[in-house]
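K.L.:
what's the 3D shape of this:
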Amino acid sequence: GKNIFSNEDGTPSEAFMHYIGGLQRYIPAAMVLVAPYVNSYRRLSRNTAAPINIEWGYDNRTVGIRSPISSPEARRVENRVIGADANPYVALAMTMACGYLGLKNKIKPKAEMKGDAYLSPYSLPRSLGEALDWLRRESDLHEVLGKEFITVYSEIKELEFDEFMKVISPWEREHLLLHV
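P.N.:
Numbers count the residues shown, from 1 in each chain. Below you'll find the model as predicted:
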């Protein structure tokens, strides 16, 4: 088959750019689908080999959306935001949904990040609670992934987050009790 991400002359196609635009637009709202636990957000820190934003670039391992160096026939996009604790089927569905919405709505991406994306601001949710709020507000993803799926998934994660918030962590005990 023909790679829709490459033009006949081997340059990146509009579809390639729109796909990236969709990932940039929708990944932050879909983050809870690929960072499903309270602990998932701990890895999203500067200079940890995990992305902190949805910048994109060619062969740049500091960005959230990377296009590895390849031939035009093998041009592809890597979603580096997905955590190792994500369900691979949900991660694939989320990535395809975000990219599809970019193609459908012809969303243009931001300019390519050519430097260190860790110097850019955070643009992903920093906690499970924040990620749930972002997903709740994004109706386009509800339409593509299914309202029932989003509702059930969100309710389960909300219960998990509420349970987590009831627990006093060892850090709180150690650091806060010393100052009381």
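K.L.:
Could I have the CA atoms of the lengthiest helix in the chain written out in PDB?
P.N.:
In terms of residue count, the longest helix belonging to the chain (DSSP state H) is helix 14-34. What follows is helix 14-34, C-alpha atoms only, in PDB (Å, rounded to 0.1, in the frame of the first residue of the first chain):
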ATOM      1  CA  GLU A  14      -0.800  17.200   4.600                       C
ATOM      2  CA  ALA A  15      -2.300  14.000   6.200                       C
ATOM      3  CA  PHE A  16       1.000  13.600   8.200                       C
ATOM      4  CA  MET A  17       0.800  17.100   9.500                       C
ATOM      5  CA  HIS A  18      -3.000  16.900  10.300                       C
ATOM      6  CA  TYR A  19      -2.400  13.600  12.100                       C
ATOM      7  CA  ILE A  20       0.200  15.300  14.300                       C
ATOM      8  CA  GLY A  21      -2.100  18.300  14.700                       C
ATOM      9  CA  GLY A  22      -4.800  15.900  16.000                       C
ATOM     10  CA  LEU A  23      -2.400  14.300  18.500                       C
ATOM     11  CA  GLN A  24      -1.300  17.700  19.700                       C
ATOM     12  CA  ARG A  25      -4.900  18.900  20.100                       C
ATOM     13  CA  TYR A  26      -6.400  15.800  21.800                       C
ATOM     14  CA  ILE A  27      -3.700  13.900  23.600                       C
ATOM     15  CA  PRO A  28      -3.800  16.200  26.700                       C
ATOM     16  CA  ALA A  29      -7.500  15.500  27.100                       C
ATOM     17  CA  ALA A  30      -7.000  11.800  26.500                       C
ATOM     18  CA  MET A  31      -4.100  11.500  28.900                       C
ATOM     19  CA  VAL A  32      -6.000   9.500  31.500                       C
ATOM     20  CA  LEU A  33      -6.400   6.700  28.900                       C
ATOM     21  CA  VAL A  34      -2.700   6.200  28.600                       C
END
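K.L.:
buried stuff in that helix?
P.N.:
Applying a neighbour-count criterion of 16 or more other C-beta atoms under 10 Å, one finds 15-34 buried in helix 14-34. (Each C-beta comes from the backbone N, C-alpha and C, glycine too.)
K.L.:
Quick one, grab the pLDDT at the residue nearest to Glu112 when sequence neighbours are not counted.
P.N.:
Excluding its sequence neighbours, the residue lying closest to Glu112 (C-beta to C-beta, 6 or more residues apart in numbering) is Gly57, at 5.1 Å. If you check Gly57, the pLDDT there is 97.
K.L.:
That's all I had, so thanks and see you.
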